[in-house]
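Undergrad: Give me a 3D structure for the following:
(chains A and B)
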2 protein chains.
Amino acid sequence: MSSFVVALDVGGTSMKGGLVTRSGEIVRTGRRATPRDRGPDAVIAEIRSFISDLAASGDGTPAGVGLAVPGLVNAETAVYSANIGWRDVPATDLVPLDVPVRLGHDVRTGGLAESVLGAGRELSDFLFLPIGTGIAGTTILRGEPYGGSAGWAGEIGHIPVLPSGERCACGQIGCLETYASASAVARRYSARLGTSPFSEAITPGSSLSETVTPASSLSEAVTPAGQGPVTAERVAALTAAGDPLATEIWGDAVEALSLALATYTLLLDPSAIVLGGGLAEAGPLLTVPLAERLGARLAFRDAPPLRRSALGMSAGMLGAALLGWYAAGVTDAGDTWSVDVLKSPPVA
Amino acid sequence: MSSFVVALDVGGTSMKGGLVTRSGEIVRTGRRATPRDRGPDAVIAEIRSFISDLAASGDGTPAGVGLAVPGLVNAETAVYSANIGWRDVPATDLVPLDVPVRLGHDVRTGGLAESVLGAGRELSDFLFLPIGTGIAGTTILRGEPYGGSAGWAGEIGHIPVLPSGERCACGQIGCLETYASASAVARRYSARLGTSPFSEAITPGSSLSETVTPASSLSEAVTPAGQGPVTAERVAALTAAGDPLATEIWGDAVEALSLALATYTLLLDPSAIVLGGGLAEAGPLLTVPLAERLGARLAFRDAPPLRRSALGMSAGMLGAALLGWYAAGVTDAGDTWSVDVLKSPPVA
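TA: Sure thing, here's the model as predicted:
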């Protein structure tokens, strides 16, 4: 058997690929853009090309290929993705090699990696919650990611945390994602800035003297809409510095998360909640108030501990590597892998 | 091996017991009060006595004993019940016979029975939701009831459906149970009646002419507080007859349930939701608006179908019988049992 598998984590914006050995060494890694705007066939062609190039860079034929893809998926077929626009693409169409292949759902594949070799490696029942542009979770049950009756489980980003709240882009009302995703935090802050004296979007006829000056000493440092996008990272920094508007928007995100996690805890009794994605980069600014509010929402049971993801943005690719090894018949792949590989610099 | 097991479903108010054969025939069934007010030792003594009497009424020694009990429980120990007040009671203390014993959580044992021989018999992933005095659910995952990391899963009755809503008896805010349990429906209707012209709880100094007369033609038929308790069944009947206050209270329950079930569906993607308990007796008065509101809450996926429990109030006892057979080593118990046994009259 060959000494490596090809692993590919296909996102809506970019694809992260790698060659991973049976002992968990990442011998190659790279990233390419996902040509989503050119349609599903272009994405499939780019996936094939990327896999082919990765395989050629290794020492021999890969033992298997693992792919994490968005949308509805089973081990053999990418069934549907609204994001990419494909329907019923067999794994063999995505892989230009005659080797075993296994597909997985993008978020659940990341959860698999956190479960096998990451923050949940000694846990059998937990929630993996990456908070990025969107929010979806992986429910790990009895040691395995759970996909539901038809593969649609884990849509925690769209549970109605505020039933009379804001309308989400998905069409529902008061979804977690509409308050707590990294993009929601940036969007909601920007929208409120639109009514601040520093915004270019001042209502015609109003003058600066008619608007209330924010009490924050940091507010003059906020970039107006025309000078670049507001990011969740910037809102987090402003919150840490005491800016009142940022603090309010950040607090809304924490409150929405505390409601969703209270609900999850009461329904599924996880032993821990593993937070990942961009918003978790805020560290204690997120976890300290979140743990406090989650605890306050629960009257008759303790809150599960909050943990940080161990694998970060590599979780999906490493999970895809596990799938590649599983496809090759190596069922214990990952059990002895060290997370330390992440600290080594990329070699390709 | 003997031809029957002893099954006992221990509730906070009463215990339902039975003798059930390997082919699923209920050859004895009976009910006794749970002497909860006399403390946990009295409850344990009554359980032992009931099991002893049931066993003696059978033909020989039972093959095993199964018990469904409330609170935190594993197969060998009743770990904790706030309701009954016991802690760490080994199964062998509950059973005065030298036969194999297995314990189960009361709601999950009912869910097990619905899964193996009831409304979910052909489903591997569904929610069993009995709505009675309280609300707790059984999550059936991959064919088995799921208890969570430590046995506390299924507390859907206490998820915060209205985060700024009414305080629940549990101490939390806006729990499903506080709007949608059978007792909540009765309680909330009674509380509002307290401000109606027909209530005995009129504020001193007010007169009937100062209060608004309800527009409903049925409102004169409502029993004042002194003439007997309002039940959820009565609120349902008044709703069916068009009473505005009952319709509002019933609508709140349906709305709260629709939020909880939308959340459950998005998180766990069940293939069906099986409704049981007293409130499900209302039939289409509950299921028609609930299905409609659940569907309206979900924008990007279909709602799972709602089903009625097949086993009704016998689910817990039949699930306990399955546990008794499992304890005896009969792992396929129930797979061929017919629900038709429920139609036969009790023989003891």
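
Undergrad: Where does the prediction get shaky in chain A?
TA: A:1, A:195-228, A:341-348 (pLDDT under 70).

Undergrad: per the record, what domains does it have?
TA: Following automatic domain parsing, one gets these domains for chain A: A:4-114+A:311-343, A:135-187+A:229-309.

Undergrad: Between the ones you listed, which one is closest to B:Asp302.
TA: Smallest distance to B:Asp302 across the domains of chain A (Cβ to Cβ): 9.4 Å, for domain A:135-187+A:229-309. Placement of C-beta: from N, CA and C, glycine included.

Undergrad: quick one: the closest one to chain centroid distance?
TA: Here domain A:135-187+A:229-309 shows a centroid-to-chain-centroid distance of 12 Å under the convention Cα atoms, centre = their mean, to the nearest Å.

Undergrad: Next, please give the residue ranges for the strands of the stretch 101-250 of chain A.
TA: A:101-105, A:126-130, A:138-141, A:144-146 (DSSP state E, counting those that start in this stretch).

Undergrad: Put together TSV for the ones you listed, with mean neighbour count and distance to chain B on each row.
TA: Formatted as TSV, the strands of the stretch 101-250 of chain A follow (neighbours: other Cβ atoms under 10 Å in any protein chain shown; distance: least, Cβ to the nearest Cβ, whole Å):
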stretch	mean neighbour count	distance to chain B
strand A:101-105	25	12
strand A:126-130	27	8
strand A:138-141	27	6
strand A:144-146	20	7
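
Undergrad: TSV for the ones you listed, including distance to B:Arg102?
TA: Converted to TSV, those look like this (distance: least, Cβ to Cβ, whole Å):
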stretch	distance to B:Arg102
strand A:101-105	36
strand A:126-130	27
strand A:138-141	22
strand A:144-146	25
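
Undergrad: Next, the contact list for the residue in the stretch 151-300 of chain A that chain B sits nearest to, please.
TA: As assessed by Cβ to the nearest Cβ, chain B sits closest to A:Asp269 within the stretch 151-300 of chain A, at 2.5 Å. Neighbouring residues of A:Asp269 by Cβ atoms under 8 Å, 6 or more residues apart in numbering or on different chains: A:Asp125, A:Pro304, B:Gly147, B:Gly148, B:Ser149, B:Ala150, B:Gly151, B:Trp152, B:Ala153, B:Glu155.

Undergrad: Count the residues that sit near the closest residue to it other than its chain neighbours.
TA: Excluding its sequence neighbours, the residue lying closest to A:Asp269 (Cβ to Cβ, 6 or more residues apart in numbering or on different chains) is B:Gly148, at 2.5 Å. For B:Gly148, the count of nearby residues is 20 (other Cβ atoms under 10 Å in any protein chain shown).

Undergrad: List the residues that contact the residue of the stretch 101-250 of chain A found nearest chain B.
TA: In the stretch 101-250 of chain A, no residue comes nearer to chain B than A:Gly148, which is 2.5 Å away by Cβ to the nearest Cβ. For A:Gly148, the contacting residues are A:Gly154, B:Asp125, B:Leu268, B:Asp269, B:Pro270, by Cβ under 8 Å, 6+ apart.

Undergrad: Looking at the strands of the stretch 101-250 of chain A, spot the one closest to A:Glu233.
TA: strand A:126-130 (15.7 Å).

Undergrad: who does that closest one pair up with?
TA: strand A:138-141 (antiparallel), strand A:273-276 (parallel) (DSSP bridges).

Undergrad: Quick one: residues in contact with the first one.
TA: Just to be clear, that refers to strand A:138-141. By Cβ under 8 Å, 6+ apart, strand A:138-141 touches A:107-108, A:110-112, A:114-115, A:120, A:123-129, A:145-146, A:153-154, A:268, B:141, B:146, B:267-268.

Undergrad: so what's the residue nearest the centre of chain A up against?
TA: Nearest to the geometric centre of chain A sits A:Pro130, at 3.8 Å (Cα atoms, centre = their mean). Going by Cβ under 8 Å, 6+ apart, A:Pro130 touches A:Val107, A:Gly110, A:Ala136, A:Gly137, A:Leu275, A:Gly276, A:Gly277, A:Ala280, A:Ser309, A:Ala315.

Undergrad: Now with 10 Å, please.
TA: With Cβ atoms under 10 Å, 6 or more residues apart in numbering or on different chains as the criterion, the residues that contact A:Pro130 are A:106-107, A:110-111, A:114, A:136-138, A:274-280, A:309, A:312-313, A:315-316.

Undergrad: now swap in A:Val330 and tell me
TA: So A:Val330 contacts A:Met1, A:Val5, A:Arg22, A:Ala63, A:Gly64, A:Leu322, A:Gly324 (Cβ under 10 Å, 6+ apart).

Undergrad: Identify those among the residues you listed that sit within strands.
TA: A:Val5 (DSSP state E).
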